[in-house]
Each structure stands twice: as C-alpha cells, then as structure tokens.
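Asks: this one's structure only:
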C-alpha cells in the first residue's frame, strides 16, 4: 500500500507499556485513530482478516466487513496524500462506504475512535489579505509547543527578535544577556548560561532551540478574540484544550492583535495554515461565541450550526456559560 501505510503500521504496532490501556482492537489508546486503521488495512492485505471485535460495533456479517476493507484498501492507495488526521480518515471511510448502512459506517468509525459524520465540519480557508482597520499589529510566530496551550481560548506564542517589528524593541539588557549566555555556553559554563537564561525569561523573552539553531524570541500570551471556551475544570474544558492544541501544535501562526485584556494578554484572531482558529473551535462545539465582547455575525452563525448538530459541548444536557461559571466562583470567595 505504500511507505506511508507501512510507517503508520510500524508506529501502531510498537510494544504497549504495562500502564497503557488497550483500545477495542488491541492497540494502546494513544494509537487509536488513523494509525490503527492503517495497521488493520495493512494486516488485511496480508491475511484477508478483519480485526477482532469489530462485529460488536457493526450490524453486517464478516463477509460484508471484508468487502469494506477491500474497498478501503483501494481508496487509501488512491488517496493523494493519504489521510493523516482523524477528520481526513473519517471522510475517506464515509466517502468509500457511502452506499452501506449508516449503522455500519458509524460503528466502524466508533471502533477506530474517528469523528462521526454529523461532527465533521467544513472550514473556510479565506484569510485577510490586508489588515482590518481595528488591528493594532500583526505577529508571525515560531512553531507552537503543545504545552503553550493553557485552555481552549488562550495560548502562549513566541516571535523571533529577528522579525522587523521585534528587532527595534528588544531591551538592551536582553540583547547583552543573550550574548553573554552564548559566551557562557561556548565556554561550557552551563550553570552560568542557565542563570542568564532565567534573567532573559524574567524579561519576557526566551532562547529557543529550533532545528539546532538558537533563536532569541519574545513571549506573547494570546486570548482568542470573540470566543470563550470552557475552563479546564468545567465539563468539556479538557476537550476544548485538546482541540485547540490539535489546531496549533507545531505550527507557525499568524496573529492579528486588536488590543489587550485586563490580564495583559493580546486579544487577537489566529490563522493557522489558512484555517481561522476561532471558526474551527466554534464549529466543533468547543467554545461559545463571546457576545459581550464581539458582535461578529459569522461567529454567531458558527455557534448556531454547532448547537443544531449537538456537537462538542452542545451534546451536554445543560452546558454552562464560562463567564457565568467564573462569576459564580468569584462570588463564592
């Protein structure tokens, strides 16, 4: 089926540690999804056997299941590029098996932990070609680390001081400290280098190592404009954080900054690989439209679509507004 499928198969079949729980088809929870489907398609080519346990999720016979896998093997081979995300894998399954029973398609997707048809969303790829009048400045960030995502509407980003805007505003003490740190490391005085780096961090900067190159970068905390995601300790808070992480992890972002909030965070719109992050979060039911601070009709429409589909937090029986949740806790203090 090709190198990509074999690569995913190899990842999927790595030994499972004793503290990892197994998924329904015998792989660890961390490999459920695209790699697990790739593994089973690869195995089917060799053995013509469908995975054990699938029959508990679908209604059709083993013979019918084998027919699905033959079709999926062919579809995967012809897809260019092959599926790499859960959404792409789900679309391939749905498109390939569209003439089969709904219960079978949904059962197969559930078996692999892939998104169900009603939860898939279409995202626009239109990004501003010129800055809106209200934008104060624009940031082009370095790749985002997963640990930088605080929750479903707040992330920390870094911008290289080589950026034209940043280069003119780096404090002289930070510039000197960066030079001294480099000298300390060259002399293998790592204790001194670490001490200097702490001073740099306290000034709002950090030295990042990207592809074996050290880059002095400025830190920005970004609050996504116009949405309010559940807090981490609220129902669906963990899922909202995970969704935003999937959107931004490892990617360079374009951030249009409109101002600051009372916590000193930059309030902005985030674009990632031509995807508008706020649109993705709203359409997937991971956030509310924050109408108290943003009246954009598009955001209201995206929230309404997610509510109608009952996806994400809208599948909860009585989702609580994050701003009301925070207010209630302030009043209890």
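Replies: Thanks, I have the structure now. Just so it is clear, the structure is predicted and the values come from calculations on it, not from any experiment.

Asks: Residue ranges in the stretch 51-200 of the chain under the pLDDT threshold?
Replies: Judged by pLDDT under 70, the stretch 51-200 of the chain has no weakly predicted residues.

Asks: Now do the helices in it.
Replies: 62-78, 86-96, 102-111, 164-167, 172-186, 190-202 (DSSP state H, counting those that start in this stretch).

Asks: my read is residue 221 is in a strand, agree?
Replies: Yes - under DSSP: H, G, I helix; E, B strand; the rest coil, residue 221 falls within a strand.

Asks: Identify the residues contacting it.
Replies: Going by CB atoms under 8 Å, 6 or more residues apart in numbering, residue 221 touches 154, 155, 156, 263, 264, 265, 266. (C-beta placed from N, C-alpha, C; glycine too.)

Asks: what do you get if the cut-off is 10 Å, keeping everything else the same?
Replies: 148, 150, 154, 155, 156, 157, 260, 261, 263, 264, 265, 266 (CB atoms under 10 Å, 6 or more residues apart in numbering).

Asks: For the fourth one, name its beta-bridge partners.
Replies: It refers to residue 155. residue 149, residue 222 (DSSP bridges).

Asks: Which one, of the helices of the stretch 51-200 of the chain, ends up nearest to residue 238?
Replies: helix 86-96 (16.8 Å; CB to CB).

Asks: host element of residue 239?
Replies: helix 237-248 (DSSP states H and E).

Asks: tell me the mean pLDDT over that helix?
Replies: Averaging pLDDT along helix 237-248 gives 94.

Asks: cool, and stretch 273-289?
Replies: In the prediction, stretch 273-289 has an average pLDDT of 95.

Asks: List the buried residues in the helix holding residue 239.
Replies: 237, 239, 240, 241, 243, 244, 245, 247, 248 (16 or more other CB atoms under 10 Å).

Asks: Can you tell me, leaving aside adjacent residues, what's nearest to the last one?
Replies: Ranked by CB to CB, 6 or more residues apart in numbering and with sequence neighbours excluded, the top spatial neighbour of residue 248 is residue 144, at 4.6 Å.
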